[in-house]
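> test case, fold it:
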Amino acid sequence: HLLSWGSLTKLHLQGFNTPAPENVKSISGHMMSVQDLVLSSCDCFIQHEGLQSPLWFWKSFGCLQQLEIRYCDSLTFWPEEEIRSLTSLEKLFIVDCKNFTGVPPDRLSARPSTDGGPCNLEYLQIDRCPNLVVFPTNFICLRILVITDSNVLEGLPGGFGCQGTLTTLVILGCPSFSSLPASIRCLSNLKSLELTSNNSLTSLPEGMQNLTALKTLHFIKCPGITALPEGLQQRLHGLQTFTVEDCPALARRCRRGGDYWEKVKDIPDLRVTSEPRPVWQDAARTIIPKCMNAWQRRASSSGQPDN
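Purely as a prediction, here's the structure:
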């Protein structure tokens with residue numbers, strides 16, 4: 001039924017397998033207008049076992065700005081060629097893909113790709129992909145990176161500091177995540193850093209005094225963080241929001257009479273507690289972003305500007 005698509009701007013494909021390439025001329029023109037694509041339980045990724053490549057399928061989405069890939073068990077490697085073909089892509093969501101490792105397809109080592117990435121990608125979110133071990137560091141316009149619920153991700157790639165445009169970094173629910181790379185000091189445009197429920201994280205790198213744009217800092221359920229490096233302490237006075245929740249040792253340092261009190265006491269939005277947050281707040285942190293994303297989709301489809 002692809003010929004009946006017409007001039008679509010939003011498309012949701014479920015259980016879709018890439019059609020034969022001989023049909024490309026008859027259907028590719030109908031996909032050029034799509035700006036928002038959801039692939040759910042689909043098998044349309046480039047295979048690397050000698051099978052025919054469906055790259056033509058991806059090149060057909062010349063106007064695509066937002067892509068969500070979810071429940072796609074066939075997605076194992078980082079979709080390098082597919083994403084590079086989407087020259088207008090601005091937002092990418094990879095969600096609930098249980099076999100997705102993020103490893104580049106041309107090698108099985110957990111090293112990030114350094115080839116040129118999509119030039120317009122600004123937002124990357126990888127949620128509930130339990131086998132994620134790595135992701136690229138080759139995005140020249142990336143502003144927001146959100147990684148949640150990977151059981152095996154141990155850290156960010158060493159070349160992560162190349163993401164000089166990054167303004168927001170969130171790492172949430174990654175129990176094996178144990179370190180930030182030293183290159184994070186190169187993120188001079190980073191405004192917001194959130195580290196939540198990363199039980200293996202025990203220290204932060206030196207050099208974080210170079211994060212001169214940092215305004216928001218959250219440490220939540222990271223009990224292994226007991227102290228802040230000297231460089232990051234130098235940035236505390238410039239914060240607008242600072243949260244320490246369920247990190248008992250760090251919370252003691254940030255309270256009145258603690259080692260960091262003089263450095264944090266004047267932060268406008270200061271929240272320090274060693275108590276775990278209520279269950280309903282954890283649920284809200286999951287539900288609210290999904291609702292916001294749904295609202296943004298609805299607003300964009302109706303042509304109404306965000307308020």
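> from here on, just use CA atoms for contacts and neighbour counts.
OK.
> shaky segments in the stretch 151-300 of the chain?
In the prediction, the stretch 151-300 of the chain carries residues with pLDDT under 70 at positions 275-300.
> can you rerun that using 90?
For the stretch 151-300 of the chain, applying pLDDT under 90 flags the ranges 156-164, 274-300.
> how about the strands of it, start to end?
Here the stretch 151-300 of the chain has its strands, by DSSP state E, counting those that start in this stretch, at 168-172, 192-196, 216-220, 241-245, 269-273.
> what does the last one rub up against?
Contacts with strand 269-273, where a contact means C-alpha atoms under 8 Å, 6 or more residues apart in numbering, come from 240-248, 251, 254-255, 264.
> each with direction, which strands does that strand pair with?
Sheet pairing of strand 269-273 (DSSP bridges) gives strand 241-245 (parallel).
> same deal with the first one?
The partner list of strand 168-172 in its sheet, established with DSSP bridges, is strand 144-148 (parallel), strand 192-196 (parallel).
> could those strands go into CSV alongside distance to D269 and mean neighbour count?
As requested, these are exported to CSV (distance: least, C-alpha to C-alpha, whole Å; neighbours: other C-alpha atoms under 10 Å):
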stretch, distance to D269, mean neighbour count
strand 144-148, 22, 19
strand 192-196, 14, 19
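> could you dump these to JSON lines with distance to G161?
As requested, the strands paired with strand 168-172 are arranged in JSON lines below (distance: least, C-alpha to C-alpha, whole Å):
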{"stretch": "strand 144-148", "distance to G161": "13"}
{"stretch": "strand 192-196", "distance to G161": "14"}
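> the helices in this protein, which residues?
Read by DSSP state H, the chain holds these helices, from start to end of the chain: 24-31, 55-59, 80-85, 230-233, 248-254, 261-264, 279-302.
> how about the fifth one as PDB, C-alpha atoms only?
Extracted C-alpha coordinates of helix 248-254, given in PDB (Å, rounded to 0.1, in the frame of the first residue of the first chain):
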ATOM      1  CA  PRO A 248      25.000  10.400  51.600                       C
ATOM      2  CA  ALA A 249      28.700  11.200  51.800                       C
ATOM      3  CA  LEU A 250      28.400  14.000  49.200                       C
ATOM      4  CA  ALA A 251      25.300  15.400  50.800                       C
ATOM      5  CA  ARG A 252      27.200  15.700  54.100                       C
ATOM      6  CA  ARG A 253      29.900  17.800  52.400                       C
ATOM      7  CA  CYS A 254      27.200  20.100  50.900                       C
END
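> which elements pack onto that helix?
With contacts defined as 3 or more C-alpha pairs under 8 Å, 6 or more residues apart in numbering; DSSP states H and E, the secondary structure elements packing on helix 248-254 are strand 241-245, helix 261-264, strand 269-273.
> what's the most buried one of those?
strand 241-245 (a mean of 20; mean count of other C-alpha atoms under 10 Å).
> returning to what we had before: so which of the strands paired with strand 168-172 comes closest to Y260?
Ranking the strands paired with strand 168-172 by distance to Y260, with C-alpha to C-alpha as the measure, places strand 192-196 first at 18.7 Å.
> now do the same for L86: its pLDDT.
As summarised for this prediction, L86 has a pLDDT of 89.
> what is the burial count for it?
The local packing of L86 (other C-alpha atoms under 10 Å) involves 23 other residues.
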